[in-house]
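Chemist: here are the coordinates; sequence isn't available:
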């Protein structure tokens with residue numbers, strides 16, 4: 001009689017006992033002592049030989065079991081070694097087969113675990129990870145034992161059910177064949193004993209698994225709870241630091257802009273910078289990069305080419321940078337602005353810095369009583385945590401234009417509405433329209449082009465992509481004196497056409513862009529030209545926008561920078577303005593986000609100098625009739641600077657609603673009488689603004705479910721056809737279809 005010991009009971013021997021082994025045709029089956037241990041089936045002449053002589057063995061890892069007759073079975077290992085065995089009865093045979101299958105599954109799992117452990121050791125896991133891996137391996141092993149025993153139990157249950165059915169059919173003929181009835185009852189008893197034995201093995205394996213789960217489950221739960229709490233605290237700290245950083249940054253900029261003597265061109269160099277321009281720069285001194293085009297002379301008789309050459313020998317630096325449109329390069333020249341200001345300029349400067357200058361409106365504006373009351377803010381954005389790494393993992397190998405970005409990365413405005421924000425400071429154009437001098441007018445136009453970038457300093461969210469044919473209108477003739485219409489005229493590539501008009505000027509543009517992912521940042525290059533015409537003078541200006549970089553795409557806080565050269569041309573008079581957006585640099589001694597420029601007349605004489613930052617304000621200084629030398633350094637002297645643009649900062653609480661300015665909050669406000677294709681009517685954009693989830697689309701003709709006809713071969717979930725489409729077509733009843741066009 002064989003002795004059966006379930007696996008994992010502490011003994012190295014799983015089963016032992018006598019079996020008859022086929023030797024040859026002369027001797028036939030011979031009685032041998034078999035031992036099943038550690039995934040190896042060995043046999044001896046008798047149990048006394050176990051200590052010194054093994055007659056043969058076979059490894060179970062790749063072994064195959066063949067059950068032939070009621071009491072015999074064969075065990076082969078890849079054809080190289082085969083045991084033909086015979087048990088005393090069928091129950092004995094089933095016990096051996098069950099034990100061999102359990103031992104085989106155990107040794108296969110053990111090999112897999114060893115491979116995984118070897119891989120983990122090569123990867124250099126920490127001690128905590130090893131402990132977790134050990135617990136997982138133990139649970140997996142116990143669970144596999146339960147699963148194997150369950151499969152055997154199911155198999156024996158089927159055999160027992162069949163034996164019972166055979167016995168019942170034989171009892172009806174008991175009087176005719178009593179010997180057959182006796183044989184059936186004997187087989188039934190053997191099946192019952194085998195089923196009882198297998199049930200006990202399943203129960204013991206399940207008990208071991210349960211005890212292990214109860215033992216390690218509490219430790220797992222405690223560890224997971226601790227990790228969850230730590231993650232929550234860390235996330236709160238990061239969010240709090242981000243809010244404090246944003247608040248401090250906005251508060252600092254807001255207070256600096258309130259100072260009456262503040263100037264974007266002001267810079268104070270320490271003693272370490274001695275010799276670069278001056279020992280200590282004057283508070284009204286700044287540096288501008290002047291583009292030199294041709295060999296011309298200024299109104300004071302100065303040749304800019306000679307000025308540059310003199311400056312190189314006297315301390316004026318040539319940075320050697322050149323734009324694609326200016327092959328002769330840029331020259332860095334120090335500019336000193338006079339301290340004395342005219343009463344008008346001083347009054348304007350103080351008024352603008354205090355934020356008391358109201359927007360200049362068109363004379364065609366409607367009476368104040370008929371002005372529409374507009375909202376000043378939108379609802380707070382809901383908090384929705386993001387798993388950035390899962391998003392990036394899904395983007396691997398995809399084109400940039402094909403990457404689906406979560407709605408959390410967006411703001412409740414369409415790209416059409418975002419482009420209209422270029423006219424937030426349209427009062428600059430109204431003031432430019434009143435300028436009698438074309439170069440002064442060009443200085444205001446240059447300030448207007450810079451103002452369109454101000455909102456990107458604290459807004460990094462992505463606007464909604466417009467649908468083909470989507471439109472957006474904004475009529476602000478009642479308060480700002482202009483109205484604008486935009487339309488998405490192309491989808492591949494995406495192109496927006498825009499037209500804006502007032503009583504004094506007309507502006508239109510076609511906007512498109514190309515983007516490329518550079519690893520750490522996303523680079524956006526705008527395409528298309530902007531056209532501006534002043535109706536009274538007929539001056540027509542054109543310019544192209546500069547390159548934009550969105551930094552920290554993978555890790556860190558997103559921030560935007562603009563860099564490159566912008567040339568604004570007056571096609572009527574030939575005047576030009578060259579603006580340089582200086583790229584951000586950690587090692588630059590100058591102010592970040594800096595913009596400098598120069599306005600030249602048709603004779604390429606330098607008339608105005610521009611200086612400032614694209615996120616705060618711009619100043620314009622008229623070049624004086626003379627040049628000066630200070631401590632041997634070549635400089636230009638200008639008249640007192642005039643603030644031509646000052647940013648209106650949003651309130652500190654604006655970070656709660658996407659850092660929108662008051663003008664941006666009014667862009668998506670519902671209005672009556674707009675076209676049905678207007679961006680305000682987009683349901684997804686409206687739901688996001690109101691903080692509501694976008695409902696999931698429910699298919700009409702398909703349903704997502706498992707294909708039961710393929711189970712268990714394939715248990716995946718697919719969209720399967722529900723039917724009724726062709727019936728609806730026959731009846732021409734399309735009432736269930738939504739209006740998607």
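Modeler: The structure has been received and is ready for your questions. Please read all numbers here as calculations on a predicted model, not as lab measurements.

Chemist: now stretch 145-153: mean pLDDT?
Modeler: Across stretch 145-153, the average pLDDT comes to 73.

Chemist: what comes up buried for it?
Modeler: Across stretch 145-153, burial judged by 16 or more other Cβ atoms under 10 Å covers 145, 146, 148, 149, 152, 153. Where C-beta positions appear, they are placed from N, C-alpha and C, glycine not excepted.

Chemist: For the helix ranked longest in the chain, name the packing helices and strands.
Modeler: In the chain, taking DSSP state H as the definition, the longest helix is helix 178-258. Other elements packing on helix 178-258 under the criterion 3 or more Cβ pairs under 8 Å, 6 or more residues apart in numbering; DSSP states H and E are helix 90-123, helix 127-171.

Chemist: which stretch in these has the least confidence?
Modeler: Among those, helix 127-171 scores lowest, at a mean of 69.

Chemist: count of residues packed around the nearest residue to residue 372 once chain neighbours are set aside?
Modeler: Ranked by Cβ to Cβ, 6 or more residues apart in numbering and with sequence neighbours excluded, the top spatial neighbour of residue 372 is residue 478, at 6.0 Å. Residue 478 is flanked by 16 other residues according to other Cβ atoms under 10 Å.

Chemist: so is residue 478 in a helix, a strand, or just coil?
Modeler: coil (DSSP: H, G, I helix; E, B strand; the rest coil).

Chemist: can you tell me how far it sits from residue 416?
Modeler: Distance, residue 478 to residue 416, using Cβ to Cβ, to the nearest Å: 21 Å.

Chemist: was I right about residue 679 contacting residue 469?
Modeler: No: Residue 679 is beyond contact range of residue 469, at 11.5 Å (criterion: Cβ atoms under 8 Å).

Chemist: Neighbour count for these two, which is higher?
Modeler: Taking neighbours as other Cβ under 10 Å, residue 679 and residue 469 compare with residue 679 leading, 28 against 11.

Chemist: all helices in the chain, in order from the N-terminus.
Modeler: Under DSSP H, the chain gives helices at 90-123, 127-171, 178-258, 304-314, 343-353, 388-395, 415-420, 427-433, 438-451, 662-665, 683-689, 725-731.

Chemist: Could you say which one of those helices comes nearest to residue 482?
Modeler: helix 427-433 (8.5 Å; Cβ to Cβ).

Chemist: by contact count, what packs against that closest one?
Modeler: helix 438-451, strand 505-517, strand 530-534.

Chemist: mean confidence score for that helix?
Modeler: On average, helix 427-433 scores 96.

Chemist: quick one on the thing from earlier: among the helices of the chain, which comes closest to residue 505?
Modeler: Proximity to residue 505 (Cβ to Cβ) singles out helix 427-433 among those, at 5.3 Å.

Chemist: And the contacts of the closest one?
Modeler: 359-362, 441, 444-445, 447-448, 451, 480-481, 502, 504-505, 507, 532, 534-537, 644-645 (Cβ atoms under 8 Å, 6 or more residues apart in numbering).

Chemist: Now list the buried members of those.
Modeler: Buried by 16+ other Cβ under 10 Å: 359-362, 441, 444-445, 447-448, 451, 480-481, 502, 504-505, 507, 532, 534, 537, 644-645, out of these.

Chemist: ok, how many other residues are close to the closest residue to residue 245 other than its chain neighbours?
Modeler: Using Cβ to Cβ, 6+ apart and skipping the chain neighbours, the partner closest in space to residue 245 is residue 557 (7.8 Å). Using other Cβ under 10 Å, residue 557 is surrounded by 12 other residues.

Chemist: How about the one 4 residues further on?
Modeler: Other residues near residue 561 number 21, with proximity taken as other Cβ under 10 Å.

Chemist: Tell me what it is bridged to.
Modeler: In this entry, residue 561 is beta-bridged to residue 549, by DSSP bridges.

Chemist: Run through the residues that contact it.
Modeler: Applying Cβ under 8 Å, 6+ apart to residue 561 gives the contacts 548, 549, 551, 583, 584, 593.

Chemist: any idea how far residue 381 is from residue 235?
Modeler: Taking Cβ to Cβ, one finds residue 235 at 17 Å from residue 381.

Chemist: still on that earlier bit, which single one of the buried residues of stretch 145-153 is nearest to residue 597?
Modeler: residue 146 (77.6 Å).

Chemist: Many thanks, I have nothing further to ask.
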